[in-house]
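**Student:** how would this look folded up:
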Amino acid sequence: MPEMSPPSDPAAIGHWITSAPMRALVAAFGGELPELPTGKLLIWLDEFSARHWDFRAGAERFEARDWTGSAAESALIMDAARALGLVVPQPPRRDSYDHLLVLGGLAQGCLQRAAYAARLVSDGLKVGAVAALGSFRPCGPAERALLAKQTDCHEVDALDQGVRDAFGLTASAATRTGSDGPVGPRSWSHHIYRLDGGPRVHVLAAPASGHRANTADTYEFWAEELSLGIGATVLIVTTPIYVPFQHCDAVRILGCDVETIGLDQALLPAAMRQEPFSAGRHLQEVRSAIRSMHRLYDATI
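**Tutor:** Reported below is the predicted structural model:
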């Protein structure tokens, strides 16, 4: 099956959710995709995926239980996920962008994405500015060990270390913060680095709309801090499994020309690569994509 790009408008969303790979996934879990208008079908898929593909149950992604099934079922899931755009990395379509965004996550993902972004720039991609978007989510023990930090370590620290290492940065040019005391949900920070002979590099921790900042919060905060223009071109770097959902959130929130790509681990140093995500993790992120598409669809009709 050919791979689909992440949808950016209602027609493309309708094509994605009624595609052959989506029908195959639904059938593999005992369902049949009904003939409904796009909005109602998104509601149906949200409810179906909540019953069958929600392994988080409100927890963080790294805390989710995994799905276990047969080898044949796993192969079908991975074939569908690949066709839906959650597996294969894609290179940038342009040779220049106004902004390059590096999305946060677990520490390993932060380091990978920063390294990949720097690789794109060193290979000749022209960008007006680079920004790494994260939060004050506390790092777990494994993340602190990876970053060689003992205490008081957050997701934004992983991004900061990642861009420092990847872009060869030293002292920050400027720092703004909204937290004078202990870090809380409304805390935020913005570090700005000057890259010799290159673009400015921003590292931001966004304030949270809930108990911690999510992807949408980071987009909104970055757009406000940098006064994003409507006609700006934006390239977002993440991990392939998250491309559809993070792309749809970006299109909905930023209102500009957005392209979202997943990093290519083959272009990273061997020590930074990780094992492929399981079939269950891909099911979970198909659900995330459905929910983000639902929000985008509601915002555009």
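**Student:** Skipping adjacent residues, who's closest to residue 248 in space?
**Tutor:** Excluding its sequence neighbours, the residue lying closest to residue 248 (CB to CB, 6 or more residues apart in numbering) is residue 292, at 3.9 Å. Glycine gets a C-beta too; all of them are placed from N, C-alpha and C.
**Student:** Report the secondary structure state of the one you found.
**Tutor:** Look at residue 292: counting by DSSP: H, G, I helix; E, B strand; the rest coil, its state is helix.
**Student:** can you pull the pLDDT of it?
**Tutor:** On pLDDT, residue 292 comes in at 97.
**Student:** Let me see the contact set for it.
**Tutor:** The contact partners of residue 292, by CB atoms under 8 Å, 6 or more residues apart in numbering, come to 244, 245, 246, 248, 249, 252.
**Student:** one more time with 6 Å, if that's ok
**Tutor:** Contacts for residue 292 (CB atoms under 6 Å, 6 or more residues apart in numbering) come out as 245, 248, 249.
**Student:** Helix or strand: which one has the last one?
**Tutor:** Pointing back at residue 249 there. Assigned by DSSP states H and E, residue 249 belongs to helix 243-254.
**Student:** ok so, going back, would you mind putting the contacts of residue 292 into CSV with distance to residue 201, pLDDT and neighbour count alongside?
**Tutor:** CSV is the format used below for those (distance: CB to CB, whole Å; pLDDT from 0 to 100; neighbours: other CB atoms under 10 Å):
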residue, distance to residue 201, pLDDT, neighbour count
245, 25, 96, 25
248, 26, 97, 29
249, 23, 97, 26
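**Student:** ok, of the residues you listed, which one's closest to residue 203?
**Tutor:** Distances from residue 203 to the contacts of residue 292, taken as CB to CB, are shortest for residue 249 (20.0 Å).
**Student:** The closest one contacts residue 215, correct?
**Tutor:** Yes: with contact defined as CB atoms under 6 Å, residue 249 and residue 215 form a contacting pair (5.4 Å).
**Student:** quick one on the thing from earlier: just the buried positions in the helix holding residue 249, please.
**Tutor:** Neighbour counts over helix 243-254 (16 or more other CB atoms under 10 Å) mark 243, 244, 245, 246, 247, 248, 249, 250, 251, 252, 253, 254 as buried.
**Student:** Right, I'll leave it there.
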